[in-house]
Structures are given as structure tokens and as C-alpha cells.
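A.B. asks: just coords:
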């Protein structure tokens, strides 16, 4: 996803929650479902890390995330303070309407589809992961083995594609 199109898509998002999610997806390269499974305890703004459970191995992995993702997360959390449970084991992501429920993959995809529809684009949540991988791989200061680790790929050949 070219930067200019990403900027347009980001501007079309309708809430702090949606901006936080997309900022985490684009900066961490986490799979959509991995990030949606995060709990309150998994976000560590002080260390700029968010921990996910990896799809293949089931291992916990802290991922570095962009500072602005944590800014959007804090704005979202402030908006929902007192409206949704906020214990360490409670979901990080909630629906925006009452009755509040943990945000599902299908609901997140529908949110992303609405932003796409407003722009006439057809990006997917997985395209955010590919964009993150592409950006990391193009960074001359980031070895491909580090990109492999961040993406949770078992084999370097997967990352090289």
C-alpha cells in the first residue's frame, strides 16, 4: 500500500479505536487476529511494545510499535473509561456500540471495508501486514532476520518473498 493511499485510508477511519488498530497493524506487522486477541496487560506504552500470541506457535511475542499507535490507543481508552472492563485479562479492543463486546475479526474487517468503500479502494487487513513487512525490509538499518522475527516467520525464505 503506497504511503499516500495509506494516509488517505487512515484519514477515513471513523474512531480513535480504528486509528489505534490500524496504527498497530501498520507498525508491528502483526496479523489481524493476533492483535485483536490482545488484552489490557499486553499493551506496554512505556516500552512501546504490544504482546501478541503468534498464530503458528502460540508463543507470546512482544512487538515494537510506533509511538503514535500508543497515542491513538490512549485516546480510545480515555473515551471508553468506565464503559468497558479494564482488568489485565480483559480485551484491549471493544465494539463501539452498546452492548459492548470484544471486537471480533469480522467486525474489524467490516470497519476496514467501510473505510475502503468511502475511498473506492479494496485493501485488506492482511495488506497492512504486507505493507509493514515491505517498509521494514526496505529499511537499510533493519536486517532481514530482524524482519523475520518481528513478523513471526519460521523461515527466512518466507520473509524474503
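C.D. replies: Done, it's in. Everything quoted here is computed from the prediction, not taken from an experiment.
A.B. asks: Just give the closest residue to the residue nearest the centre of the chain, not the sequence neighbours.
C.D. replies: When Cα atoms, centre = their mean is applied to the chain, the residue found nearest the centroid is residue 25 (2.7 Å). Counting by Cβ to Cβ, 6 or more residues apart in numbering, residue 25 lies nearest to residue 128, which is 4.1 Å off, once chain neighbours are set aside. Every residue, glycine included, has its C-beta placed from N, CA and C.
A.B. asks: What helix or strand is that neighbour located in?
C.D. replies: Per DSSP states H and E: residue 128 is located in helix 125-138.
A.B. asks: Need the mean per-residue confidence for that helix.
C.D. replies: Taken as a whole, helix 125-138 has an average pLDDT of 95.
A.B. asks: Could you name the helices and strands sitting against the following helix or strand past it?
C.D. replies: From helix 125-138 onward toward the C-terminus, using DSSP H and E, the following helix or strand is helix 144-151. Based on contacts counted as 3 or more Cβ pairs under 8 Å, 6 or more residues apart in numbering; DSSP states H and E, the elements that helix 144-151 packs against are helix 125-138, helix 156-160.
A.B. asks: how about the helices in this protein?
C.D. replies: Remark: helices assigned in the chain by DSSP state H are 3-12, 16-28, 32-36, 67-80, 105-119, 125-138, 144-151, 156-160.
A.B. asks: what's the closest of these to residue 90?
C.D. replies: helix 67-80 (11.2 Å; Cβ to Cβ).
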